[in-house]
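Colleague: here are the coordinates; sequence isn't available:
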């Protein structure tokens, strides 16, 4: 079984370099790596030149931003494998990563999507042995940061919806399509992806807030496609989610200024990460509420 690893990236020169370093250490063969550069403005192309001498590595740059859905679809079209593994460019993996995904598909005769866990790490050179925390739990049917699917199944379902051309929800949409097509989602606990997720400084916090605004716009499109209770729960457009976030953020007490103070404090990584998550969720919900008012 030949494997194609599809990695979209944008403006992550140092991180994607490290990501590729890990992928090239796999104990499985044959496999290929395709990096789709979504219009990066940094030195991504320059730093990845080192890998062009590898026969199983391909770099495909785009002249302008098209979005992760477009990049993943393009990666599949350009690939040669009959098993496709999707990871993000800030995911680091151990040497048995591909073989664990392959084993999952060989152990199932029915059509499946295999989803591996994603564990957040704060240091780019952190040893890949951390067990994670409750904050890493996910029950997603499909997660583009760490998932594999047979090429034939991907084509049958129709790939990613390229209208999702900014941050958020294209993988949830694809998961809904898989579920509707009868493709079973299974968990592959051994195929761990370590998500390099450093805590932001003041400038990068503003960037994350803008990403949450993008995510809100993508959520509106998802709900228009699937105006169901299930999707309403997924995008957190319920009184329960709003009330819960109000409580967790102290009814607005955790604002941008206090979030910066928390990030600068000596509290633990997971403590800071928890408050960062609830704060960014608040930014998302506020943006979602604004977007919902526009369409009503």
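Modeller: Happy to help now that I have it. Please read all numbers here as calculations on a predicted model, not as lab measurements.
Colleague: the stretch 151-296 of the chain: helices as residue ranges?
Modeller: With DSSP state H, counting those that start in this stretch applied, the stretch 151-296 of the chain shows helices at 151-157, 170-180, 202-225, 229-234, 239-248, 256-264, 269-295, listed in chain order.
Colleague: buried deepest among these, which one?
Modeller: Mean neighbour counts were compared across the helices of the stretch 151-296 of the chain using mean count of other Cβ atoms under 10 Å; the top stretch is helix 170-180, at a mean of 21. The C-beta positions use only the backbone N, C-alpha and C, and glycine is treated the same way.
Colleague: can you lay out the helices of the stretch 151-296 of the chain as TSV showing mean pLDDT?
Modeller: Below are the helices of the stretch 151-296 of the chain laid out as TSV (pLDDT from 0 to 100):
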stretch	mean pLDDT
helix 151-157	96
helix 170-180	96
helix 202-225	94
helix 229-234	94
helix 239-248	95
helix 256-264	95
helix 269-295	92
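Colleague: can you redo those as TSV with distance to residue 77?
Modeller: Formatted as TSV, the helices of the stretch 151-296 of the chain follow (distance: least, Cβ to Cβ, whole Å):
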stretch	distance to residue 77
helix 151-157	10
helix 170-180	16
helix 202-225	23
helix 229-234	28
helix 239-248	37
helix 256-264	41
helix 269-295	32
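Colleague: of all these, which lies closest to residue 36?
Modeller: helix 170-180 (13.8 Å; Cβ to Cβ).
Colleague: which one of the helices of the stretch 151-296 of the chain lies nearest to residue 76?
Modeller: Nearest of these (Cβ to Cβ): helix 151-157, 6.0 Å.
Colleague: ok, residues contacting that closest one?
Modeller: Helix 151-157 is contacted by residues 4, 76, 79, 81-84, 111, 113, 174, 177-178, 181, 183 when judged by Cβ atoms under 8 Å, 6 or more residues apart in numbering.
Colleague: go with 10 Å
Modeller: Here helix 151-157 makes contact (Cβ atoms under 10 Å, 6 or more residues apart in numbering) with 2, 4, 72-73, 76-77, 79-84, 86, 105, 111-113, 148-150, 160, 174, 177-181, 183.
Colleague: for the helix or strand where residue 14 lies, what is the average pLDDT?
Modeller: Residue 14 is located in helix 13-23, with elements delineated by DSSP states H and E. On average, the pLDDT along helix 13-23 is 96.
Colleague: what residues sit buried inside it?
Modeller: Neighbour-count burial for helix 13-23, counted by 16 or more other Cβ atoms under 10 Å, picks out 13, 15-20, 22-23.
Colleague: for that helix, packing partners?
Modeller: strand 3-9, strand 31-37, helix 44-48, strand 57-61, strand 83-87, strand 91-93, helix 97-106, strand 193-196 (3 or more Cβ pairs under 10 Å, 6 or more residues apart in numbering; DSSP states H and E).
Colleague: again, only this time at 7 Å
Modeller: strand 3-9, strand 31-37, helix 44-48, strand 91-93 (3 or more Cβ pairs under 7 Å, 6 or more residues apart in numbering; DSSP states H and E).
Colleague: neighbouring strands - and their directions - for the second one?
Modeller: For strand 31-37, the pairing partners within the sheet under DSSP bridges are strand 3-9 (parallel), strand 57-61 (parallel).
Colleague: deepest in the core, which of those is it.
Modeller: Burial of these is given as mean neighbour count (mean count of other Cβ under 10 Å); strand 3-9 ranks first at a mean of 25.
Colleague: quick check: angle from that one to helix 97-106?
Modeller: Put simply, strand 3-9 runs at 120 degrees to helix 97-106, going by axes from the mean of the first three to the mean of the last three Cα atoms, to 10 degrees.
Colleague: hmm, residue 135 is touching residue 275, no?
Modeller: No - in this structure, residue 135 is not within contact of residue 275 by Cβ atoms under 7 Å, at 11.1 Å.
Colleague: what's the nearest residue to residue 269 if we skip its chain neighbours?
Modeller: residue 122 (4.8 Å; Cβ to Cβ, 6 or more residues apart in numbering).
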